[in-house]
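Colleague: coordinates for the following, if possible.
(chains A, B, C and D)
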Protein chains: 2
Amino acid sequence: MLLSKTSEYGIRAMLHLAGVGGDEYVSVKKISETLDISFHFLTKIFQQLAKSGLIDSYRGPNGGVRISGSASKITVRAVVGALDGEDLFSKCVLGLPGCTKDHPCPLHEHWIKSRSAIEQMMSEKTLEDVGADLRAGGYRLKAGALWSED
Amino acid sequence: MLLSKTSEYGIRAMLHLAGVGGDEYVSVKKISETLDISFHFLTKIFQQLAKSGLIDSYRGPNGGVRISGSASKITVRAVVGALDGEDLFSKCVLGLPGCTKDHPCPLHEHWIKSRSAIEQMMSEKTLEDVGADLRAGGYRLKAGALWSED
DNA sequence: CCGTTTTAAGACAAGGATATCTTTTTTGTT
DNA sequence: AACAAAAAAGATATCCTTGTCTTAAAACGG
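Modeller: Next comes the predicted model:
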């Protein structure tokens, strides 16, 4: 599996916030119900994202979470980095420590190309871009329905 | 992590066999010591590879494992498929079931390109190719040393 | 000041991946 | 036939991810 469940859920939740737009706080409970994700698990994911500075959180009635700063400054790449760490973008495909151009595994040259392609793909996708895509329609963030039908 | 430890070890072991060349049986014990991989764990991995038809095994003195058929017909892609299954090459990056061109997640179009690039990279690497690379020198299959220094 | 809503934090449970150990079966050698 | 070498198979242990549950802390409204 490329991404952990933590990252899968975290990305979906962040993209959902981007689709909602604005700077209102949205409760984690609401998000978890909308996206069919375990509430308590999602809470912990947002706590990690808060520590990484990607979201703001606020307690009490009408509290919740929101994207921190501008959605145009946050990429899917940053969400994965905050939740799964840098391994996907830095480690050897065979798990060898210190696999570099000078001390390569047999797949090194080829893997770093694929790895860079993944990183670039995730880096050029900002939350703002995806939010606009979602509002334009035709995309899904959960199993059953289109985003607009959430 | 892109690949499981099972696949990481399995690929390294298969590439090692390709580097050795010939159709002699090599004992799993020897391979596990050469590559610093747990013997019992590697045994189970080879059992899976045997069931998938990628290796032959033979018991008793001078027994062991060897690549089944021609090393030019087996790719890294096939090893991953046998050990980790098809998920990496078929599933949605966000884990959504039924994520297709008609019912896409917001990353679908971009992800299938990266996914295909990975699959193609692994598909064009045959064990024979890598075996030749290893014998030519300069590559590693374990943490410390070059393959020729195994 | 009290009750409600919400995130924060911690404890715990289930499951799978990883790893180790033991026993069985097959094969070759003496 | 007896022994040794090696894979096959099964049992068990450890760890991390995933998921659930409970309690605490913060914020708001009456």
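Colleague: A:Ser123 contacts A:Arg77, correct?
Modeller: Yes. The pair A:Ser123 and A:Arg77 passes the contact test of CB atoms under 8 Å, sitting 4.3 Å apart. Glycine gets a C-beta too; all of them are placed from N, C-alpha and C.
Colleague: the two - which one has more neighbours?
Modeller: When A:Ser123 and A:Arg77 are compared for neighbours, A:Arg77 comes out ahead with 19 against 14, by other CB atoms under 10 Å in any protein chain shown.
Colleague: apart from its neighbours in sequence, what residue is nearest the more buried one?
Modeller: A:Met122 (3.8 Å; CB to CB, 6 or more residues apart in numbering or on different chains).
Colleague: do A:Cys92 as well
Modeller: Leaving aside its chain neighbours, A:Cys92 sits nearest to A:Cys99 (3.5 Å; criterion: CB to CB, 6+ apart).
Colleague: in which helix or strand does A:Val93 reside?
Modeller: Assigned by DSSP states H and E, A:Val93 falls within no helix or strand.
Colleague: residues touching it, list them.
Modeller: A:Cys105, A:Leu107, A:His108, A:Trp111, A:Arg115, B:Leu2, B:Leu3, B:Glu8 (CB atoms under 8 Å, 6 or more residues apart in numbering or on different chains).
Colleague: which elements pack onto the helix or strand where A:Asp56 lies?
Modeller: Using DSSP H and E, A:Asp56 maps to strand A:55-58. Identification of packing neighbours for strand A:55-58 by 3 or more CB pairs under 8 Å, 6 or more residues apart in numbering or on different chains; DSSP states H and E yields helix A:39-51, strand A:64-67.
Colleague: for these, give me CSV that also has mean pLDDT.
Modeller: What follows is those, written out as CSV (pLDDT from 0 to 100):
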stretch, mean pLDDT
helix A:39-51, 98
strand A:64-67, 98
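Colleague: I'd like the ones you listed laid out as TSV, including distance to DNA strand D.
Modeller: Compiled in TSV, those are given as follows (distance: least, CB to the nearest atom of the strand, whole Å):
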stretch	distance to DNA strand D
helix A:39-51	3
strand A:64-67	11
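Colleague: tell me the most buried of the ones you listed?
Modeller: strand A:64-67 (a mean of 21; mean count of other CB atoms under 10 Å in any protein chain shown).
Colleague: where do the helices sit along chain A?
Modeller: Secondary structure of chain A by DSSP state H: the helices cover A:5-20, A:28-35, A:39-51, A:76-84, A:87-90, A:108-123, A:127-136.
Colleague: state the phi and psi torsions of A:Ser27.
Modeller: When read as degrees, to the nearest 10, the backbone of A:Ser27 gives phi -70, psi 150.
Colleague: quick one: contacts for it?
Modeller: A:Gly63, A:Gly64, A:Val65.
Colleague: repeat for A:Glu109
Modeller: A:Lys101.
Colleague: how about A:Ala13?
Modeller: A:Ile31, A:Leu35, A:Ile37, A:Leu42, A:Ile45, A:Phe46.
Colleague: okay, those residues in CSV with distance to A:Gly144 next?
Modeller: Converted to CSV, these look like this (distance: CB to CB, whole Å):
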residue, distance to A:Gly144
A:Ile31, 16
A:Leu35, 11
A:Ile37, 13
A:Leu42, 18
A:Ile45, 21
A:Phe46, 23
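Colleague: nearest to A:Gly85 among those?
Modeller: Nearest to A:Gly85 among the contacts of A:Ala13, counting by CB to CB, is A:Ile45 at 14.0 Å.
Colleague: so what's that closest one closest to, chain neighbours aside?
Modeller: Per CB to CB, 6+ apart, closest to A:Ile45 is A:Gly10, 4.7 Å.
Colleague: please apply the same query to A:Lys125.
Modeller: A:Val76 (4.7 Å).
Colleague: can you count the residues close to that neighbour?
Modeller: Count around A:Val76 with other CB under 10 Å applied: 26.
Colleague: the residue lying closest to A:Leu17 once chain neighbours are set aside pairs with what?
Modeller: Nearest non-adjacent residue to A:Leu17, counting by CB to CB, 6+ apart: A:Ile67, 5.3 Å away. A:Ile67 has these beta-bridge partners by DSSP bridges: A:Ile55.
Colleague: so what's A:Tyr25 up against?
Modeller: A:Asp56, A:Ser57, A:Tyr58, A:Asn62, A:Gly63, A:Gly64, A:Val65, A:Arg66.
Colleague: now the residues you listed as JSON lines including distance to A:Ser90?
Modeller: As requested, the contacts of A:Tyr25 are exported to JSON lines (distance: CB to CB, whole Å):
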{"residue": "A:Asp56", "distance to A:Ser90": "29"}
{"residue": "A:Ser57", "distance to A:Ser90": "29"}
{"residue": "A:Tyr58", "distance to A:Ser90": "34"}
{"residue": "A:Asn62", "distance to A:Ser90": "41"}
{"residue": "A:Gly63", "distance to A:Ser90": "36"}
{"residue": "A:Gly64", "distance to A:Ser90": "33"}
{"residue": "A:Val65", "distance to A:Ser90": "28"}
{"residue": "A:Arg66", "distance to A:Ser90": "30"}
